[in-house]
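Participant: generate coordinates for the sequence data below:
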Amino acid sequence: MAKENSIDISELAGAISAGIVQATNQTGPVKQLPITKYKHKTPWNPTGKKESQRPQFARLYMQNGAQIALWHVTDADVELLNQLRPGRYFDRKVEVVERVGENVGDQACIEIRYNNASADQRFDLKNYFRNFSEMLRLIVEQQKAA
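Facilitator: Numbering: from 1, shown residues only. Sure, this is the predicted structure:
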């Protein structure tokens, strides 16, 4: 005895393939974008400005021995970095040092140093700031207050 409600597998496969074809036709092909039309949007550059249109570093900046790249900071961070002055901040946990000539050539360099190697050190810094942008903002505020 055959069941009256049985579904033919070939009909089911045809319906699935028709659905896939319909979805593909609705989305259309991926449009190719020429490099001249590419917008340089990143989380640090949400407006998509070219590097030459963004604020520029006044000098070389380093964070715990690593050079800070322009493409990896926001425009607001660049403005704050350009305002930094040497000193110790956040109960001497963050140190801003100006270096000239040593390992950086003849170019002036501002280095931001803080201990963040262990989880305990990072947790201790969390009590003062949450991220790099907030740290810069608070340092500049402390400089203005002093």
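
Participant: drop to CA atoms for contacts and neighbour counts, all remaining ones
Facilitator: Fine.

Participant: show me where the chain has its strands.
Facilitator: Ranges of strands in the chain, per DSSP state E, are 60-63, 66-67, 87-89, 94-101, 105-114.

Participant: longest helix of the protein?
Facilitator: In the chain, taking DSSP state H as the definition, the longest helix is helix 9-27.

Participant: quick one: contacts for Phe57?
Facilitator: Going by C-alpha atoms under 8 Å, 6 or more residues apart in numbering, Phe57 touches Leu70, Val78, Leu81, Asn82.

Participant: now, the residues you listed that are in helices?
Facilitator: The helices, defined by DSSP H, take in Val78, Leu81, Asn82 from the contacts of Phe57.

Participant: top of the residues you listed by neighbour count?
Facilitator: Ranked by the number of neighbours (other C-alpha atoms under 10 Å), those place Leu81 first, at 23 neighbours.

Participant: quick one: the closest residue to that residue other than its chain neighbours from Asp75, how far?
Facilitator: Excluding its sequence neighbours, the residue lying closest to Leu81 (C-alpha to C-alpha, 6 or more residues apart in numbering) is Leu136, at 6.9 Å. From Leu136 over to Asp75 the distance is 12 Å, taken as C-alpha to C-alpha, to the nearest Å.

Participant: looking at these two, which is more packed in?
Facilitator: Neighbour totals were compared for Leu136 and Asp75, and Leu136 leads with 21 against 17 (other C-alpha under 10 Å).

Participant: Asp77 is in contact with that one, correct?
Facilitator: Yes - using C-alpha atoms under 8 Å, Leu136 is in contact with Asp77, at 7.1 Å.

Participant: pull the contacting residues for Ala117.
Facilitator: By C-alpha under 8 Å, 6+ apart, Ala117 has no neighbours at all.

Participant: returning to what we had before: can I get the strands of the chain in JSON lines with mean pLDDT?
Facilitator: Shown next, in JSON lines, are the strands of the chain (pLDDT from 0 to 100):
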{"stretch": "strand 60-63", "mean pLDDT": "94"}
{"stretch": "strand 66-67", "mean pLDDT": "92"}
{"stretch": "strand 87-89", "mean pLDDT": "95"}
{"stretch": "strand 94-101", "mean pLDDT": "88"}
{"stretch": "strand 105-114", "mean pLDDT": "86"}
